[in-house]
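Enquirer: pasted the sequence and its predicted model underneath.
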Amino acid sequence: MTTAESSAAADRARRLQRVAELLAEAVTPQEVLDAILTEGVQAAEARAGAIGVLSEDGATVELLAQRRRAGDVGEQDRHPLPLLAG
């Protein structure tokens, strides 16, 4: 294993440990979503992330939580997103 690979593996292990700690401390479903999104967006070096559930009819996704790099996890913009038929 190269030094770069070792460093990347150590970084992944640290991130997983952080998520495990946050999940262990979570009391509410929203805190679970917060932990997953906060760490997931950072790990992916993404600008934003969201977690949603598919409606029973499969036509929309309801956002449960979202995070923007400069924003907080929350329930803002919590409305169904229509899915386009392909």
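Expert: Okay, I see it.
Enquirer: roughly how far does the spatially most central residue of the chain sit from residue 20?
Expert: Residue closest to the average C-alpha location in the chain (CA atoms, centre = their mean): residue 37, at 2.4 Å. Between residue 37 and residue 20 the distance is 15 Å, computed by CB to CB, to the nearest Å. Every C-beta, even on glycine, is put in place using the N, C-alpha and C of the backbone.
Enquirer: next secondary structure after the helix or strand hosting residue 51?
Expert: Applying DSSP states H and E as the criterion places residue 51 in strand 48-54. Next in sequence after strand 48-54, counting helices and strands by DSSP H and E, comes strand 60-68.
Enquirer: now that following strand: how far from the chain's centre is it?
Expert: 10 Å (CA atoms, centre = their mean, to the nearest Å).
Enquirer: and the angle for it with strand 48-54?
Expert: 160 degrees (axes from the mean of the first three to the mean of the last three CA atoms, to 10 degrees).
Enquirer: for this structure, what spans make up the helices?
Expert: 3-25, 29-44 (DSSP state H).
Enquirer: need the mean per-residue confidence for the longest one.
Expert: Yep, that's helix 3-25 we're talking about. What helix 3-25 shows for mean pLDDT is 88.
Enquirer: same check, this time on the shortest one
Expert: Model confidence over helix 29-44, given as mean pLDDT, is 88.
Enquirer: neighbouring contacts of it?
Expert: 15, 18-19, 22-23, 25-26, 46-51, 64-67, 69, 73, 75 (CB atoms under 8 Å, 6 or more residues apart in numbering).
Enquirer: list buried residues within these.
Expert: Among those, the ones that count as buried by 16 or more other CB atoms under 10 Å are 19, 22, 49, 50, 51, 64, 65, 66, 67, 73.
Enquirer: any chance of TSV for these, columns distance to residue 3?
Expert: Shown next, in TSV, are those (distance: CB to CB, whole Å):
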residue	distance to residue 3
19	25
22	29
49	30
50	35
51	35
64	40
65	37
66	36
67	32
73	34
